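Trainee: Kindly return the folded structure for what I paste below:
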Amino acid sequence: MTVLAIPGAANVRDVGGIPVGSARVREGRLLRSGQLAALTPEGRRLLRERVRHVVDLRDDAEVRNEPSALTEVNTTRIPLFLGSVGSFFEQNMDLAGMYRHLVDESASRLVDAVRIIAAGEPTLVHCTVGKDRTGVTIALALSAVGADRDAVVDDYALTASQLPVERNRAVVSYLRAHMPDATNAVELATKSPAPVMAGLLADIDRRFGSTADYLLGAGLSAAELDALHETLLG
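Mentor: Below is the predicted model:
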């Protein structure tokens, strides 16, 4: 994958280059990032040159608080969490539990996101920091076409190193002051441990047979799965 320097946006990368058997994911087909509210004019120009469709996985409150600055690109909103982001902190859920919740409760919405990727336009998927909702969606899309499992996990794990230090410092300070008993809160907000994503994908394999089978069972058609292969691999 390639980390992209886009002024005003964090955690932006192109997952092109990830191995799939003897092939590789095509560059310029699938990008991921955090929110796009602070894009500079140069950042907007750079993304307009690369992207034709944006999938925004945030909920209504997040969009109101930080509306995207990339208004010129076709955007589809698919709020992935059923409920608020804050509820996971209030429940003191860990990352593994949150990701399983997404897979179990938001399957049709995950399919909607993968369906847009499969449509063939250069697509950017993002949430607020580009870690959890984006991480799960990208991992499912890549795994459904047979991408190397270690490479998929490595892409997810890279996120923690891409989050702005000042953002993490402010978030951790807030959480420790306002949610001292939420022992998983810092991990939820700032971490992307490889074993968590590896465990999620292994759990999907155990329960559904494969990631492709999971998506097909949740409503993705065989033709759309073929289109996903064509989009990502050519």
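Trainee: So which helix or strand of this structure has the lowest pLDDT on average?
Mentor: The helix or strand of the chain with the lowest confidence, counting by mean pLDDT, DSSP states H and E, is helix 86-90 at a mean of 67.
Trainee: Nearest the middle, which residue of this structure would you pick?
Mentor: Centroid-nearest residue in the chain, with Cα atoms, centre = their mean: Thr134, separated by 1.1 Å.
Trainee: so what pLDDT did that one get?
Mentor: We have a pLDDT of 98 for Thr134.
Trainee: any idea which helix or strand comes after the least confident helix or strand of the chain?
Mentor: Later in the chain than helix 86-90, the nearest helix or strand by DSSP states H and E is helix 95-105.
Trainee: Show me what that next one packs onto, helices and strands only.
Mentor: helix 133-144, helix 185-190, helix 194-208 (3 or more Cβ pairs under 8 Å, 6 or more residues apart in numbering; DSSP states H and E). The C-beta positions use only the backbone N, C-alpha and C, and glycine is treated the same way.
Trainee: Could you dump those into JSON lines and include distance to Arg52?
Mentor: Listed next are the helices and strands packed on helix 95-105 as JSON lines, based on distance: least, Cβ to Cβ, whole Å:
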{"stretch": "helix 133-144", "distance to Arg52": "16"}
{"stretch": "helix 185-190", "distance to Arg52": "31"}
{"stretch": "helix 194-208", "distance to Arg52": "27"}
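Trainee: Comparing those, which yields the minimum mean pLDDT?
Mentor: helix 185-190 - the lowest mean pLDDT of those, at a mean of 79.
Trainee: What residues sit buried inside that one?
Mentor: Going by neighbour count (16 or more other Cβ atoms under 10 Å), the buried part of helix 185-190 is Ala185, Glu187, Leu188, Ala189, Thr190.
Trainee: The third one and Met93 touch, don't they?
Mentor: By that I understand Leu188. Yes. Under the criterion of Cβ atoms under 8 Å, Leu188 makes contact with Met93 at 7.3 Å.
Trainee: related to what we said a few turns ago, tell me the spacing between the residue nearest to the centre of the chain and Ala151.
Mentor: The gap separating Thr134 from Ala151 is 17 Å, by Cβ to Cβ, to the nearest Å.
Trainee: How are the strands of the protein distributed by residue range?
Mentor: Taking DSSP state E as the criterion, the chain carries its strands at 2-3, 13-14, 19-20, 23-24, 30-33, 53-56, 74-77, 123-126.
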